[in-house]
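> Predicted structure and sequence below. I'll ask about it afterward.
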Amino acid sequence: MNDPKATSDWLKVDGVDELVALALNLHWSWNHAADELWEALDNGLWATTQNPWVILRTVSRERITAALGTPEFRQKLDSLLGKNRESYRADAWFQHKHPNTALTTVAYFSMEFMLSEALPIYSGGLGNVAGDQMKAASELGVPVVGVGLLYGQGYFRQDFDSEGRQQALYPVNDPGQLPIRPLRQPNGEWLRLQIQLPGSSIWLRCWEVSVGRAKLYLLDTNDFANSAAHRGITSELYGGDAEMRLKQEIVLGIGGWRLLRALGLTPEVCHLNEGHAAFAVLERARFYMEDHKKPFDLAMSITRAGNVFTTHTAVSAGFDRFDPRLIHTYLSHYAVDELAVSVDDLLAMGRENPNDNGEFFNMAYLAVRGSCQINGVSKLHGEVSRQIFQTLFPHWPQQEVPIGSVTNGIHVPTWDSAEADALWTAACGAKRWRGDRPAEDDIRQVPNEQLWQLRTAGRKRLIERTRERYQNQLAAEGADSSNATAVFDENVLTLGFARRFATYKRPNLLLHDTERLIRLLSNPRFPVQLILAGKAHPQDLPGQELIKQWKDFIKRPEVKGRVVFLNDYDMMLAQELVQGIDLWINTPRRPWEACGTSGMKVLVNGGLNLSELDGWWAEAYSPEVGWAIGDGQEHGDDSDWDAKEADTLYTLLEAEVIPEFYERDASGVPSRWLGRIRESMARLTPEFSATRAIREYTESHYLPAASRYRGRAADDGAVGSSLLQWKQDLDRHWSTVRFVSIRIDTHDGQHLFQADVAPGSLSPDHLRVELYADPVQGNDACCAVMDGSGPSPETPGSYRYTARVTATRPASDYTARIVPRHLNALVPLEANPIIWQS
């Protein structure tokens, strides 16, 4: 296995421990200072795999010995290790900015992590976000620990048959070839955990991945002590049926929290990157029960304060839902014997209507009910999520549904080219992505000539790699590859479209008018070339048909050498594309792109975006930084609207994008194009970076969650107990609360509202009376707390509340309402009853 000591014994070469230490920390995946070491050992294998561990496991002892015997090689190795150790030990942004904090550990759960092609345990966007945020947390010193699954096959690899139809391949992930280590106990025994499934316990193997100063822990079920069926639970990412998905999510959530505790970690914050890992909130509560001898409902009241849920789903159909019979089969023992609750109580946590025995169990609902902070992944997606989850908060205005947003960002050093890194370092310094936001004006000072050199070098390298890939691709398909090296021109405007092929992403919007597209591509004066890539899920036949349409179009002689579709879109190909593409195109159907990060990756490299006003681009776009289609509204799957947007897309390309790229000033560069690049790089690159996202999560989510959790747990859970008693009182007595009377007087430019409220069997201290007005005609929503003045002199058993508001809006706009009140509660997230004035 991948133990450094075992490797040293195997090779018996002095100095191999240092190479192993370097290879088994994925810091090399974004800091390329060590690249020349791996190239020296096996240049071809490094170019193919980008996996130092494979190189060390493959090359001969003689070659390693010879390299280590070279003074330059050994000096470079020792210098790199020394710098890395110093960097990992040094205080970073978090330690400097928040030196006295209650936050020691954030457990970050995700179904997938995209860290490097050397560790292919990702599918796409969700893993991209998780991997990039792990790297940014490492560089900022935020104490994040990742928890995920090690897949035996990962996500599928893409190939095509002779007809251009997608084929799904599943190569095996050999753990011995991956940059991971078995997680070992102090006595050297492999750390293995057990969880209960129907009929038997199963063993989970534990692995460790080093990501700079951070750690990612992975679980798999491929243990020989398990049955064949159980060994296959973690074989494939997003494969199998609902039952297989449920088993994977039990392993991730329940097994993942047990792994953390086995390591002696007690995180204050648990961050769920999507609802797949929501069972972790139950297991966290179970450990609290065990540690403090408390019942489940109190343990949940306390521990949910430290749980953060990020939803990435833009449509409710995208949430994982499970037949209640599956929950009974797989979690009855866990609910009754370990949580000491009924299965029905457990099912209620994942249902819109807890009393509907036929309703499926929704993992996102469990995540909402088990967390105290919830966010979408762009500002627009926050709005969409409030609409999706409004059913959990009946009678509350949509804008008050307790879901915010933290817009995703990308880990810039993972996606920038060497030339871009050098340009940004000269302008903004080497530590620009390891602290606060770099100054925009620094990059604005870069002269046109340097920007154009950056773009020219990136496009040239992309064309070279595209030719190599395309030649190999055609040869593998049995097609004539003799002319592959002649495709494309390094001086021609290069468009890129690469993402998952699904109908809502409208990847064929450019094909709406094929003759117009052909004219655009083949214009002899202003030529254009287009690179496409992307996978469709093996079960998504409509998505596969969209790929087939592009494959057929590329065969047309009029566009020969102008369009290519590159197979098997993965992280390595994505890096090549975003470093060289001039214009990144994105055409999702609004609002189904929760965020989208592919277009963010071109920013640092001087690429521009032309995108639908959806996801991140809805908040990033202005005319100075790129182009947009759409009117900022939702139109469903209206084919007429698709046709209109396709026409807008063609028109923008023909009338603005292409002429601007080819327009040259007196010095021979496209100054208007470069002006747009400069503004895009300066304004957008820092804003849509994972550095900014992690700073935002830390300060607006992690630190408050840690403080809230510690507050509720203090003094043997006194605050948590008070909250639980308050919620139980609300459940029993809310129906006795009512409005008695409302009086409105208007004079001197003010409305005076006076409400008498009967609290029934509740204490008045448990209630807050508010005056609310909806947003109308440009006016924001208004919510004013009505002041209590004690018992009403007119109505025995009721209490009087008053509020004054300016009369700029009619009194009829305002409605009084009664909501729960507790100093330490988050309303309506933790208590959602509400009474509106009749």
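Thanks, I have the structure now. Numbers count the residues shown, from 1 in each chain.
> all contacts plus neighbour counts: C-alpha atoms, from now on.
Noted.
> Name the helix or strand of the chain that has the lowest mean pLDDT.
In the chain, no helix or strand scores lower on mean pLDDT, DSSP states H and E than helix 4-11, which sits at a mean of 50.
> which parts of the helix or strand following that one are buried?
For helix 4-11, the following helix or strand on the C-terminal side (DSSP states H and E) is helix 16-23. For helix 16-23, a neighbour-count test (16 or more other C-alpha atoms under 10 Å) marks V16, D17, E18, L19, V20, L22, A23 as buried.
> try stretch 286-294
Neighbour counts using 16+ other C-alpha under 10 Å place R286, F287, Y288, M289, K294 of stretch 286-294 among the buried residues.
> Can I get those residues in JSON lines including distance to A225 and pLDDT?
Formatted as JSON lines, the buried residues of stretch 286-294 follow (distance: C-alpha to C-alpha, whole Å; pLDDT from 0 to 100):
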{"residue": "R286", "distance to A225": "26", "pLDDT": "98"}
{"residue": "F287", "distance to A225": "26", "pLDDT": "98"}
{"residue": "Y288", "distance to A225": "30", "pLDDT": "98"}
{"residue": "M289", "distance to A225": "30", "pLDDT": "98"}
{"residue": "K294", "distance to A225": "34", "pLDDT": "97"}
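> got a markdown table for these, with secondary structure too?
Listed next are these as a markdown table, based on DSSP: H, G, I helix; E, B strand; the rest coil:
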| residue | secondary structure |
| --- | --- |
| R286 | helix |
| F287 | helix |
| Y288 | helix |
| M289 | helix |
| K294 | coil |
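> C206: what secondary structure?
Following three-state DSSP, we place C206 in the strand state.
> Give me the neighbour count for it.
For C206, the neighbour count with other C-alpha atoms under 10 Å is 23.
> Nearest residue to it in space, please, no chain neighbours.
Among residues not flanking C206 along the chain, L219 sits closest, at 4.9 Å (C-alpha to C-alpha, 6 or more residues apart in numbering).
> Tell me the first helix or strand C-terminal of the helix or strand the one you found falls within.
Counting by DSSP H and E, the element that carries L219 is strand 214-220. Counting by DSSP H and E, the next helix or strand C-terminal to strand 214-220 is helix 228-231.
> Next, the buried residues of that following helix.
For helix 228-231, the neighbour count (16+ other C-alpha under 10 Å) marks H230, R231 as buried.
> For it, output the C-alpha coordinates as CSV.
This file holds the C-alpha atoms of helix 228-231, laid out as CSV (Å, rounded to 0.1, in the frame of the first residue of the first chain):
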residue,chain,number,x,y,z
ALA,A,228,-19.4,-9.1,-2.8
ALA,A,229,-22.6,-7.0,-2.7
HIS,A,230,-21.3,-4.8,0.1
ARG,A,231,-17.8,-4.4,-1.5
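> helix or strand for Y650, which one?
Taking DSSP H and E as the criterion, the element that holds Y650 is helix 639-652.
> Just the mean pLDDT for that helix, thanks.
Across helix 639-652, pLDDT averages out at 97.
> buried residues in it?
By neighbour count on 16+ other C-alpha under 10 Å, the buried set for helix 639-652 is D642, E645, A646, D647, L649, Y650, L652.
> Against I629, how distant is the last one?
Look at L652 and I629: by C-alpha to C-alpha, to the nearest Å, they are 9 Å apart.
> Please identify the pairing partners of the host helix or strand of W584 and their relative orientation?
Using DSSP H and E, W584 maps to strand 583-586. Strand pairing for strand 583-586, using DSSP bridges, gives strand 493-498 (parallel), strand 608-612 (parallel).
> buried residues in the strand holding L219?
By neighbour count on 16+ other C-alpha under 10 Å, the buried set for strand 214-220 is A214, K215, L216, Y217, L218, L219, D220.
> do the same with stretch 149-166
149-160, 164, 166.
> Pipe those into TSV and attach distance to G239, secondary structure and pLDDT per row.
What follows is the buried residues of stretch 149-166, written out as TSV (distance: C-alpha to C-alpha, whole Å; DSSP: H, G, I helix; E, B strand; the rest coil; pLDDT from 0 to 100):
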residue	distance to G239	secondary structure	pLDDT
L149	13	strand	98
L150	14	coil	98
Y151	11	coil	97
G152	12	coil	95
Q153	10	coil	91
G154	9	strand	84
Y155	8	coil	90
F156	9	coil	92
R157	13	strand	93
Q158	15	strand	94
D159	18	strand	93
F160	20	strand	93
G164	23	coil	90
Q166	17	strand	95
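> right, and the pair among these with maximum separation?
Maximum pairwise distance among the buried residues of stretch 149-166 (C-alpha to C-alpha): 32.7 Å, between L149 and G164.
> which stretches of the stretch 1-150 of the chain form strands?
Ranges of strands in the stretch 1-150 of the chain, per DSSP state E, counting those that start in this stretch, are 106-110, 144-149.
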